[in-house]
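Asker: Just a sequence and a predicted model for now, questions to come.
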Amino acid sequence: MKAVDARVIGVDQIHQEMVSYLKTQLKEIDKQLAKLLIEHAKSDPKVNILQFVPGVGVVTTSTLLAELPELGKFNREEIAKLVGVTPLLNQTGKSDKRRKTRLQHFDLFHPTDELECCGMGFANH
């Protein structure tokens, strides 16, 4: 039984080392991403607008810029439709079904992330 416990402890130690290594790598990637955004902010004002929103960090900013090049060109209603969080009318000549929110554009975001994205008020900038 002691041999099994030793193997389990060894696996646990390997697991902890791997988690530690991945956390270190993630911090390094975040630093590099932040540097890239600082450089990109010099030529794109959208970076500063996104970073000004409470709760929007480096990862969210870079994801939105990469996945939504339309930001700044469309108003917030159009962006909400594009992202897929606007209730769309599901109607035919004979029936008027309930409106539902359908995800249309993104598969990278969770629905709660998409809702936050739509409330950012790009129509004002």
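Answerer: That came in fine, so what should we check first?
Asker: only C-alpha atoms for contact and neighbour calcs from this point on.
Answerer: Noted.
Asker: in the chain, which spans are strands?
Answerer: In chain order, the chain shows strands spanning 87-91, 96-101, with DSSP state E as the criterion.
Asker: These: lowest mean pLDDT?
Answerer: The stretch with the lowest average pLDDT out of those is strand 96-101, scoring a mean of 58.
Asker: longest helix of this structure?
Answerer: Longest helix in the chain by number of residues (criterion: DSSP state H): helix 2-41.
Asker: List the buried residues in it.
Answerer: The neighbour-count check on helix 2-41 (16 or more other C-alpha atoms under 10 Å) flags 34, 37 as buried.
Asker: what does stretch 69-84 give?
Answerer: Taking 16+ other C-alpha under 10 Å as the basis for neighbour counts, the residues of stretch 69-84 that come out buried are 71-72, 75-84.
Asker: again with stretch 42-51
Answerer: In stretch 42-51, counting by 16+ other C-alpha under 10 Å, buried: 46-47, 49-51.
Asker: how about these in CSV, adding pLDDT and distance to L22?
Answerer: Putting those into CSV (pLDDT from 0 to 100; distance: C-alpha to C-alpha, whole Å) gives the following:
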residue, pLDDT, distance to L22
K46, 91, 30
V47, 91, 27
I49, 90, 31
L50, 90, 27
Q51, 89, 26
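Asker: Between those, which sits nearest Q25?
Answerer: Within the set of the buried residues of stretch 42-51, Q51 lies nearest Q25; the separation is 23.1 Å, counting by C-alpha to C-alpha.
Asker: Give me the nearest residue to that closest one, chain neighbours excluded.
Answerer: When the adjacent residues along the chain are set aside, Q51 lies closest to G57, with 6.3 Å between them (C-alpha to C-alpha, 6 or more residues apart in numbering).
Asker: Can you give me the distance of that neighbour to L50?
Answerer: Taking C-alpha to C-alpha, to the nearest Å as the criterion, G57 is separated from L50 by 8 Å.
Asker: Please parse the chain into its domains.
Answerer: Residue ranges for the structural domains of the chain, counted by automatic domain parsing, are given in the record as 1-43, 45-125.
Asker: Got phi/psi on P69?
Answerer: Reported as degrees, to the nearest 10, the phi and psi values for P69 are phi -60, psi -10.
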